[in-house]
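*Asks:* pasting a predicted model and its sequence here:
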2 protein chains.
Amino acid sequence: MRFVVVGGDAAGMSAASRAKRKDPDIDITVLEQSHDVSYSACGMPYNIADPEREIEDLVVRPAHVFQKKIGLDLRLGYRVERLDRNAQNVQGTTSQGESFSLDYEKLLFANGASPVVPEISGIDAPGVKVLKSLGHGREIKEYLKTFKINKAVILGMGYIALEMAEALRARDIEVQMIKPRQRFLPWLNEQLASVVWQELLEKQVGLFPGHEVKAIEKSDSGYEILCKDNKFQADFVLVAVGVEPNSQIAAEAGLDLGPCRSISVDKGMRTSDADIFAAGDCADAYHVVSGHKTWLPLALRANRAGWAVADNVTGSEVLLPGIAGTAVFKVFELEVAKTGLNMEEAAEVGFQPQSVVIESRSRAHAHPGSTSIQVHMIGDQKTGRLLGVQMVGREGVAHRINAPAVALHKQMTVEEFGQTDLAYAPPFSPVWDPLLTTANQLLKKL
Amino acid sequence: MRFVVVGGDAAGMSAASRAKRKDPDIDITVLEQSHDVSYSACGMPYNIADPEREIEDLVVRPAHVFQKKIGLDLRLGYRVERLDRNAQNVQGTTSQGESFSLDYEKLLFANGASPVVPEISGIDAPGVKVLKSLGHGREIKEYLKTFKINKAVILGMGYIALEMAEALRARDIEVQMIKPRQRFLPWLNEQLASVVWQELLEKQVGLFPGHEVKAIEKSDSGYEILCKDNKFQADFVLVAVGVEPNSQIAAEAGLDLGPCRSISVDKGMRTSDADIFAAGDCADAYHVVSGHKTWLPLALRANRAGWAVADNVTGSEVLLPGIAGTAVFKVFELEVAKTGLNMEEAAEVGFQPQSVVIESRSRAHAHPGSTSIQVHMIGDQKTGRLLGVQMVGREGVAHRINAPAVALHKQMTVEEFGQTDLAYAPPFSPVWDPLLTTANQLLKKL
């Protein structure tokens, strides 16, 4: 059987490697438009933060391992541009400018997402960068090495933007962040968002929400970022305003699309064409709380979806239950985590959401080093179900979110969750874990 | 209604305060044999570690708050010695040596557990201490302040013993630990236990399992601890060989007993006498994995049981599902956590347990500061159910255990748990959380 994989990052390489391991007789070709495969994309901000580290540290397995040891036909610099479903064939161009054409029996789209680049005059200047692929990371690292950068402007305030703000501050670069909409971290409860805001101010990050960038102009010392009623100076600009799924080829070939124009797949990662799979950042997924489709480009579900494709291509039917929308990021000293739905999302899909915000502590009464943890918890008035949790704090947030994430997978009620036996010892938690205290308070409102 | 509570610590004060808050008309008397109520017992080792801190820091609410603000009739120095169920009456002696007698309509045993003191000659010497109540903590702290202590011997190697080893080492006291049985941390997987063993050796704690103490004798410089084939010198001895439930009065009055002679209660915390409740360290509980009774004297379930008693005494029926056996402790730089059953327990209650031990990392590939995490996971061959998890590592263990704890409450299978959407960001976890990697490996054996 001839299995062709479009894209050689998390989902694509997971699928190809596992399929080859499960059935060595399958003929597997991976077409990757760049020259990088299998690297930790999420690690890039932390790598960029440290001038001593090489960007290549992030490579988990070099290409030759996949070719020699795993036995994949891995073609680097192969950009797929067209899909012919009737002929079961993909076509494209190599980095040397040569056309290629390849037949498949089973096809996987694992070609990820691309950074959104707003149409702004000057956004293509050499000192204006995006960050999604290892190639982007390499470019940024090289730029910071070559030029003496004192001031950076970041367009966007999502988690990549925030991680990069921390990375640039670690290199002693002044950072100002700009975004068009007024509300900071709009998916996060406002009280929790204000904790993150405060942390950024304390770390001397300038925050300018409500400013739409009109143009980026070359100036004597670098760039001038022009807004309607304000302007900013920088010698480096990072555009981090979001990503969008690479679904154009799939869409042009008539495959169904899901939320945010991601490629729509069933629980077995099959698209509307049974011979074509999609996995990772280009594909959608089921949300275990709403039961609806959602698009969340995150690493774990990309890897997992890649594995599921491998299983399904090699004949053992695997269905993924979906995602709980769990995510965590670090902003300087803070950990910010979420799982499930927020208030707006919960209302949108028909729940009657109620919520509380509780401030608790990361350690026991009187235990040294205890810091504040804020928990926002959402439950459904009709069914009592737990719908989502958000947390912000200086410690004990990142892993704590996994408890409600598991609860969401099993449709636990807030009452049931409040009765769970969570770990307690003074260095790690109050007797009543902040999550339990919050569940107890929320229960009173349901 | 007349509600009498025997014992003024976690379970007792939780029950009394909540009952009064829910129904101010109830006449509530709390009889506490010591003069301390509402303190963080688990915080004592950390407090003892620091000569600058007062033991009274651990008091969460002083007695007068319960008396004046909450309106409880709180009697300190009241030791209950006898229960007459026919007359619905308890009798005892005060610390001034006066007899008292008190009628009840509803009674709660919340008189906790006592340290086991082996019958060894010399164990009553002034430099030999136990640690359970705040009074014990005060005594130890005073002793360490008054005398220049250079060498300590700890009898026992359970988690209190280990926490106290850390506390004494923090005060620059040499520590040697002795226990009769050969196996170190017998409830913990051996590979994980050896990580803890190594940590203790690195912190210069002497470990002597397989030595039964025959006598403690006064010597010139302090004490000589005599074993059959070895002897140890110390100027301070801590006896931390376990605790036993204070169930004697209940047993003498004919109430049913459960595991380890704890007072047997149903899910509403009622004993075999419907007017008598028991909660906290003196009572048993249901285990959510086995469905059987168990006895685990831990703080969270004591507080929770106290609340449930308050609800049931004031007329709103509350049933507790039970405990998952979740526990965590810190030993120097290590976090040790468990939830659910271990292999022996699982086999005993009729499961067909299979398990794996996996070594993973606390942070992502190439992320600085990543350390080893070892995970031991147990599943049932027959049903595929997750039965228990144990973890040891330098970070990210304490809160990580809560995810499988929640899974156990919902009888999740290992396969389902392996599909949960756990949080990932490079500073906190590999893409595949160590728990997911372990679940994936265990699944292959089930």
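*Replies:* It's in. Quick caveat, the model's predicted, so the values are computed rather than measured.

*Asks:* residue ranges of the helices in the stretch 1-150 of chain A, please?
*Replies:* Using DSSP state H, counting those that start in this stretch, the helices assigned to the stretch 1-150 of chain A run over residues A:10-22, A:44-48, A:63-64, A:134-146.

*Asks:* looking at the ones you listed, which is nearest to chain B?
*Replies:* Comparing those by their distance to chain B (C-beta to the nearest C-beta), the top pick is helix A:44-48, with 5.7 Å. Placement of C-beta: from N, CA and C, glycine included.

*Asks:* so which elements touch the closest one?
*Replies:* The contact analysis (3 or more C-beta pairs under 8 Å, 6 or more residues apart in numbering or on different chains; DSSP states H and E) places helix A:44-48 against helix A:134-146, helix A:159-170.

*Asks:* tabulate the helices of the stretch 1-150 of chain A (CSV), appending mean neighbour count and mean pLDDT.
*Replies:* Putting the helices of the stretch 1-150 of chain A into CSV (neighbours: other C-beta atoms under 10 Å in any protein chain shown; pLDDT from 0 to 100) gives the following:
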stretch, mean neighbour count, mean pLDDT
helix A:10-22, 25, 96
helix A:44-48, 25, 97
helix A:63-64, 14, 90
helix A:134-146, 17, 97
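
*Asks:* how about those, which one is nearest residue B:282?
*Replies:* helix A:44-48 (50.1 Å; C-beta to C-beta).

*Asks:* so how far is that closest one from its chain's centroid?
*Replies:* 15 Å (C-alpha atoms, centre = their mean, to the nearest Å).

*Asks:* give me the contact list for it.
*Replies:* Here helix A:44-48 makes contact (C-beta atoms under 8 Å, 6 or more residues apart in numbering or on different chains) with A:53, A:55, A:57-58, A:131, A:134, A:136-137, A:140-141, A:144, A:160, A:163-164, A:166-168, B:366-368, B:426-427.

*Asks:* narrow those to just the buried residues.
*Replies:* Under a neighbour-count criterion of 16 or more other C-beta atoms under 10 Å in any protein chain shown, the subset of these counted as buried comprises A:53, A:55, A:58, A:131, A:134, A:136-137, A:140-141, A:144, A:160, A:163-164, A:166-168, B:366-367, B:426-427.

*Asks:* would you reformat the helices and strands packed on helix A:44-48 as TSV and include distance to chain B?
*Replies:* Formatted as TSV, the entries for those read as follows, by distance: least, C-beta to the nearest C-beta, whole Å:
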stretch	distance to chain B
helix A:134-146	12
helix A:159-170	8
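
*Asks:* could I get the ones you listed as a markdown table with distance to residue A:392?
*Replies:* Putting the helices and strands packed on helix A:44-48 into a markdown table (distance: least, C-beta to C-beta, whole Å) gives the following:
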| stretch | distance to residue A:392 |
| --- | --- |
| helix A:134-146 | 27 |
| helix A:159-170 | 12 |
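
*Asks:* those: which one's closest to residue A:241?
*Replies:* Closest approach to residue A:241 among those is made by helix A:159-170 (7.9 Å; C-beta to C-beta).

*Asks:* can you list contacts of that closest one?
*Replies:* A:45-46, A:48-50, A:131, A:152, A:154-155, A:175, A:177, A:196, A:200, A:203-205, A:236, A:238, A:240-241, A:327, A:329-332, A:336.

*Asks:* 6 Å instead?
*Replies:* Contacts of helix A:159-170 with the rest of the structure, by C-beta atoms under 6 Å, 6 or more residues apart in numbering or on different chains, involve A:45, A:48-49, A:152, A:154, A:175, A:203, A:205, A:238, A:240, A:329, A:331-332.

*Asks:* mean confidence score for that helix?
*Replies:* Helix A:159-170 shows a mean pLDDT of 98.

*Asks:* the next helix or strand after that helix pairs with which strands, parallel or anti?
*Replies:* Using DSSP states H and E, the helix or strand that follows helix A:159-170 in sequence is strand A:174-179. Within its sheet, strand A:174-179 is paired with strand A:151-155 (parallel), strand A:205-209 (parallel), according to DSSP bridges.

*Asks:* tilt between the last one and helix A:159-170?
*Replies:* Strand A:205-209 and helix A:159-170 are oriented at 150 degrees to each other (axes from the mean of the first three to the mean of the last three C-alpha atoms, to 10 degrees).

*Asks:* low-confidence bits of the stretch 201-350 of chain A, can you list those?
*Replies:* Using pLDDT under 70 as the threshold, the predicted model of the stretch 201-350 of chain A has no low-confidence range.

*Asks:* what residues does it put near chain B?
*Replies:* When proximity is defined as C-beta under 6 Å from any C-beta of the partner chain, the stretch 201-350 of chain A approaches chain B at A:299-300, A:303, A:321, A:323-324, A:326, A:328-330, A:337.

*Asks:* could you rerun that using 10 Å?
*Replies:* Proximity of the stretch 201-350 of chain A to chain B, by C-beta under 10 Å from any C-beta of the partner chain, involves residues A:285, A:287-288, A:296, A:298-304, A:307-308, A:318-330, A:335-340.

*Asks:* which of these are buried?
*Replies:* With burial judged by 16+ other C-beta under 10 Å, the buried subset of these is A:285, A:287-288, A:296, A:298-304, A:307-308, A:318, A:320, A:322-330, A:335-340.

*Asks:* can you list the residues of the stretch 51-200 of chain A near chain B?
*Replies:* Taking C-beta under 10 Å from any C-beta, the part of the stretch 51-200 of chain A that reaches chain B is made up of A:53-54, A:56-61, A:159, A:163.

*Asks:* widest-spaced pair of those residues?
*Replies:* The most widely separated members of these, counting by C-beta to C-beta, are A:61 and A:159 (25.9 Å).

*Asks:* higher neighbour count, these two?
*Replies:* When residue A:61 and residue A:159 are compared on other C-beta atoms under 10 Å in any protein chain shown, the one with more neighbours turns out to be residue A:159, at 19 against 15.

*Asks:* make TSV out of the helices of the stretch 1-150 of chain A and add distance to residue B:15.
*Replies:* Putting the helices of the stretch 1-150 of chain A into TSV (distance: least, C-beta to C-beta, whole Å) gives the following:
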stretch	distance to residue B:15
helix A:10-22	52
helix A:44-48	49
helix A:63-64	65
helix A:134-146	57
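
*Asks:* for the stretch 51-200 of chain A, give the residue positioned nearest to chain B.
*Replies:* Closest approach of the stretch 51-200 of chain A to chain B (C-beta to the nearest C-beta) occurs at residue A:57, with a separation of 4.7 Å.

*Asks:* quick one: the closest residue to that residue other than its chain neighbours and residue A:1, what's the gap?
*Replies:* Nearest in space to residue A:57, with sequence neighbours left out and distances taken as C-beta to C-beta, 6 or more residues apart in numbering or on different chains, is residue B:366 at 4.7 Å. Residue B:366 sits 35 Å away from residue A:1, going by C-beta to C-beta, to the nearest Å.

*Asks:* can you check residue A:266 too?
*Replies:* As judged by C-beta to C-beta, residue A:266 and residue A:1 stand 21 Å apart.

*Asks:* swap in residue A:377?
*Replies:* Taking C-beta to C-beta as the measure, residue A:377 and residue A:1 are separated by 48 Å.

*Asks:* got it, and residue A:351?
*Replies:* Distance from residue A:351 to residue A:1, counting by C-beta to C-beta: 44 Å.

*Asks:* filter the contacts of helix A:159-170 down to the buried ones.
*Replies:* Applying 16+ other C-beta under 10 Å to those, the neighbour count classes A:45, A:48-49, A:152, A:154, A:175, A:203, A:205, A:238, A:240, A:329, A:331-332 as buried.

*Asks:* do I have it right that residue A:55 meets residue A:143?
*Replies:* No. Taking C-beta atoms under 10 Å as the definition, residue A:55 is not a contact partner of residue A:143, at 11.9 Å.
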